[in-house]
Structures are given as C-alpha cells and as structure tokens.
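S.K.: Mind folding the following:
(one chain, ligands or ions: 3)
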Amino acid sequence: MRLLIDAGNTRLKWRLATGDAVVAEGLGAFDDDLLSGFPATSRVRRISVSTVAAEPRRQALTEYLEARFSIPVAYHWAESGRGGLVNAYEDPRRMGADRWHAMYAAWIETRRGFVVVDAGSAITVDFVDDAGRHIGGYILPGVQMMLRSLKTDAARILFDGTPASDSAPGTTTGECVHHGVSWMLQSATERVLTDAEQMGIQRVIVTGGDAGFLLQLGLKADYRPDLVLDGLAAIDAEDLAL
Ligand SMILES: Nc1ncnc2c1ncn2[C@@H]1O[C@H](COP(=O)(O)OP(=O)(O)O)[C@@H](O)[C@H]1O
Ligand SMILES: CC(C)(COP(=O)(O)O)[C@@H](O)C(=O)NCCC(=O)O
Ligand SMILES: [K+]
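M.R.: Ligands and ions are numbered 1, 2, ... in the order given. The predicted model follows:
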C-alpha cells in the first residue's frame, strides 16, 4: 500500500491507497498524533509527501515516518512541467509543492483550463489556460492569518467569535472584523470569476480548510477537498512506472 501525505502549514492530510483505490484517509493538526485514525495493521510499501511546512517540521515528519514504517520517504516538489502542464515560475522550486500538485490533479482530469483556489493557511489562486500553461497566481493571507494579524498587530482591535458569512457593514469591533474578512473574500471571489472569464477559463475548483467558507460567500466552484493528494498520487504513480 502507498501512504500519501499533504503536510500544510496548519494540518496534515494522509491517504492510504492501493493502486487508484483509497483504503483510508484522515487529517489532523501537527501537534496531534500525526496519523490519527491510521489503520495499524496496514503494510505500507511506499511513502510520498507533498509539503510546504518549514524545514525543521519536515525533518521531524521524516524521522517519525521512517521510525514508524522503516522505509524511506519520497518528497515531491513543484516542477517546471509535466504531462503538458507548464509552470509559469522561472524557478519552480520556489513554488509551494501543494500548488503544483493541486494544479496537476485538475489538469489531468480534463486537460482544459481551470482556476484552483486553495483556501488553507494562506489562500492561493492559480490560473491555467486550455493549453496547460500556468498563467500565474496569487498568494493571499488565509482566514485565520487575517484574524491573527488584526488581533496581534493592533492594540485596540479586541474581538472574539468565529468567521461569519455576513458581509454587511459592522457596528461592533467583532462584526467589523468578521464581516470585513467576508467582504474582502467576497470581493476576491468575484474577481476570481471575472478574471477567469476574461482568460476564457470556465472551470473553477476550490480546496483547502476554508473552501466551504468561500462557497458560502458565493464562490461558484467545484469543491475538491483532496485535490493536493490526488495530484500527488498521480505524480507518484507516474514516477514509479518510469
Ligand atoms: N478543524 C479545523 N482545524 C483547523 N483549521 C480549520 C478547521 N476547519 C477549518 N479550518 C480552516 O482551514 C485553514 C487550514 O486549512 P488547511 O487546508 O488544512 O491548511 P494547510 O494546507 O495550510 O495546512 C485554517 O486556517 C482554518 O481557517
Ligand atoms: C502559499 C503557501 C504558503 C500555501 O500553503 P498552505 O496555506 O496550504 O499551507 C505555500 O504554497 C508556500 O509555502 N508557497 C511557497 C511560495 C510560492 O508558492 O511561491
Ligand atoms: K493554501
């Protein structure tokens, strides 16, 4: 069985697979049991990871996996191109592996243009045209990142509560903050759709922990929670077949 891992800045998602079939999946925070819910009896023959975590955390993950499964860990990074998908970055090693893996999953499904919105710790938006050319993208602060920076970088923005999809002008600090985040993301969401239209791109895909929030805010998109793992699985299978 293959163990596939998408290790982001906030959470780790894992999948156990045989061939294309998913045997088990799970996700959790880094400070929890790293593979919570993992079936103890499974025989793991290969481990493949897509990560954007800091180097010390990546090393700790490697040590944990090697100790637990006694096999080496294969890391997959962003590439300049694969199977007709071409990265716009001059130095693709600088691109987050998660962005490349998400784009690759979307590309091999239809080989048509698409936008991927990945609403995780940070929010990324990547545009790919019908020819498989990555046009480029955006990196925006994620929901928790925005709230945290308002809380820690300004002395008198005091608030609690959770994100609300209401974007009406607020009349308390909490409303101004939470509705403000929604208002900003709603604007960004509208812009994704108009930009895609201008580029002749029809398909919008959303993934990441805050995908549901963006859908609530009106983003018209296909929800694909495991897009990064899907892309990683495909790339890993292709590399194995070489
Ligand atoms: N149960 C949850 N635990 C942590 N974050 C969550 C949860 N539900 C939604 N989120 C949101 O999802 C974001 C993390 O998304 P995720 O895709 O897991 O990020 P990453 O890939 O960066 O680890 C958080 O910043 C938060 O806003
Ligand atoms: C932008 C990201 C932080 C998003 O990661 P995530 O929010 O999923 O943890 C990650 O893709 C990353 O570290 N990128 C490196 C910079 C770049 O892509 O250009
Ligand atoms: K992200």
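S.K.: Every contact and neighbour count from this point should use C-alpha atoms.
M.R.: Noted.
S.K.: I'd like the next helix or strand past the longest helix belonging to the chain.
M.R.: Taking DSSP state H as the criterion, the chain has its longest helix at helix 173-198. Once the chain leaves helix 173-198, the next helix or strand it forms, by DSSP states H and E, is strand 203-207.
S.K.: Show me which positions of the helix or strand that comes right after that next one end up buried.
M.R.: Next in sequence after strand 203-207, counting helices and strands by DSSP H and E, comes helix 211-216. Buried residues in helix 211-216, counting neighbours by 16 or more other CA atoms under 10 Å, are found at 211, 212, 213, 214, 215.
S.K.: swap in stretch 75-94?
M.R.: Per 16+ other CA under 10 Å, stretch 75-94 contains these buried residues: 75, 76, 77, 78, 79, 81, 85, 86, 87, 88, 89, 92.
S.K.: near ligand 2, which residues of this protein?
M.R.: 8-9, 52, 94-96, 98-99, 120-124, 139 (CA under 6 Å from any ligand atom).
S.K.: Buried ones in the lowest-mean-pLDDT helix or strand in the chain, by neighbour count?
M.R.: The helix or strand of the chain with the lowest confidence, counting by mean pLDDT, DSSP states H and E, is strand 21-29 at a mean of 93. Residues 25, 27, 28, 29 are the ones in strand 21-29 that count as buried (16+ other CA under 10 Å).
S.K.: Can you give the domain ranges for this structure?
M.R.: 2-75, 81-230 (automatic domain parsing).
S.K.: most tightly surrounded among the ones you listed?
M.R.: Among those, domain 81-230 has the highest mean neighbour count (mean count of other CA atoms under 10 Å), at a mean of 18.
S.K.: who in the protein is up against ligand 1?
M.R.: Contact residues, the chain versus ligand 1 (CA under 6 Å from any ligand atom): 8, 9, 10, 11, 120, 121, 142, 143, 144, 208, 209, 210.
S.K.: Could I get the full set of strands for this protein?
M.R.: 2-7, 11-18, 21-29, 46-51, 73-75, 81-82, 85-86, 114-119, 122-128, 134-141, 203-207, 222-223 (DSSP state E).
S.K.: quick one: furthest residue from the center of this structure?
M.R.: Distance from the C-alpha centroid of the chain, by CA atoms, centre = their mean, peaks at residue 171 (33.7 Å).
S.K.: Would you mind naming what in this structure lies close to ligand 3?
M.R.: 118, 119, 120, 122, 123 (CA under 5 Å from the ion).
S.K.: repeat that for 6 Å
M.R.: 118, 119, 120, 121, 122, 123, 124 (CA under 6 Å from the ion).
S.K.: Does the second one touch residue 212 like I think?
M.R.: Think residue 119. No: assessed by CA atoms under 8 Å, residue 119 is found out of contact with residue 212, at 9.1 Å.
S.K.: On the pLDDT front, check the residue nearest to residue 74 when sequence neighbours are not counted for me.
M.R.: Among residues not flanking residue 74 along the chain, residue 48 sits closest, at 4.7 Å (CA to CA, 6 or more residues apart in numbering). Residue 48 carries a pLDDT value of 98.
S.K.: how about residue 189, what does it touch?
M.R.: Contacts for residue 189 (CA atoms under 8 Å, 6 or more residues apart in numbering) come out as 214, 217, 218, 219.
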